[in-house]
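S.K.: here is the input, now give the coordinates:
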Amino acid sequence: MGSEGTVPASEASDGPSCVTVHVTGFKKFHGVSENPTETIVCNLQEYMNKNGMPKGLVLGSCHVLETAGQGAVAPLYQTLQSAIPSSEDSNPCDSGKVIWVHFGVNSGATKFAIENRAVNEATFRCPDEMGWKPQTALPVEEITNALAKKGFEVMTSDDAGRFVCNYVYYHSLRFAEKNGTKSLFVHVPLFLTIDEETQMQFAASLLEVLASLL
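M.R.: Numbering: from 1, shown residues only. I've put the predicted structure just below:
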């Protein structure tokens, strides 16, 4: 598992086309005193630099959000907007492809879960008034299969829960649709279930898969 086929970070932006991935995680919340996604996101840049950045990928930013609706969404929109390249930006990715990868924890999970969609609701299950169900444009099954082949216990999921994870994913998918970017949410287990090193390998492998698919 891990970083097969990677290159040094200094070479990651070589070539005419690459993908910029921005990553978020969450802080602690009720019942989870140590959120593994905060550790993953805070250590990801150093981990990728040490183990090699996948060719064609640039790690744009790593942010940790508050595990609260308004507390997370306000800075979420600020960070989402900051990733939209302007004509004055010197972006090494000529293709301008941008992906947001959001990590959240499912304390009862035993596998990693690639979330397929989010639901437009705060307290009940319901699509929006026009019947729209926010869904990622990324090939979830293909991503999941690629990660499974690397030896990870991973599954697809159609239910991101009814807490802040789903709330953030919904807003990110709406923003992505309006701004021509892509968004993906991934649930991870606690470190007690899958250890930190394996989860770091999983995060690195996910970025590698995304770089290879787009």
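S.K.: by mean pLDDT, flag the weakest helix or strand of the protein.
M.R.: strand 6-7 (a mean of 38; mean pLDDT, DSSP states H and E).
S.K.: how about the helices in this protein?
M.R.: 36-51, 69-82, 140-149, 164-179, 196-213 (DSSP state H).
S.K.: output the below-cut-off pLDDT ranges for this protein.
M.R.: Applying pLDDT under 70 to the chain picks out residues 1-17, 71-72, 86-96, 121-133.
S.K.: and the residue nearest in space to the middle of the chain, how far is that from Gly31?
M.R.: When CA atoms, centre = their mean is applied to the chain, the residue found nearest the centroid is Val101 (1.6 Å). Separation of Val101 from Gly31 (CB to CB, to the nearest Å) stands at 24 Å. C-betas here are computed from N, CA, C, even on glycine.
S.K.: next: Glu142.
M.R.: Taken as CB to CB, the span from Glu142 to Gly31 is 33 Å.
S.K.: skipping adjacent residues, who's closest to Val209 in space?
M.R.: Spatially, and ignoring its direct neighbours in sequence, Val209 is nearest to Ala146 (4.6 Å; CB to CB, 6 or more residues apart in numbering).
S.K.: what is the burial count for that neighbour?
M.R.: 19 (other CB atoms under 10 Å).
S.K.: same thing with Glu197?
M.R.: Neighbour count of Glu197, defined by other CB under 10 Å: 12.
S.K.: need the contact list for it.
M.R.: Shown in contact with Glu197 (CB atoms under 8 Å, 6 or more residues apart in numbering): no residues.
S.K.: from His30, how far off is the closest residue to Asp158 other than its chain neighbours?
M.R.: Leaving out its chain neighbours, the residue that sits closest to Asp158 by CB to CB, 6+ apart is Asn116, at 5.0 Å. For Asn116, the distance to His30 equals 26 Å [CB to CB].
S.K.: out of those two, which sits in the more crowded spot?
M.R.: Using other CB under 10 Å, the more surrounded residue of Asn116 and His30 is Asn116, with 19 against 6.
S.K.: next, give phi and psi for that one.
M.R.: Dihedral pair for Asn116: phi -90, psi -30, per degrees, to the nearest 10.
S.K.: and Lys55, by the same measure?
M.R.: With angles defined as degrees, to the nearest 10, Lys55 shows backbone torsions of phi -60, psi 130.
S.K.: end to end, how far does stretch 148-164 reach?
M.R.: 27 Å (CA to CA, to the nearest Å).
S.K.: about what we covered before: surely the residue nearest to the centre of the chain touches Ala211?
M.R.: No. Judged on CB atoms under 8 Å, Val101 makes no contact with Ala211 at a distance of 11.6 Å.
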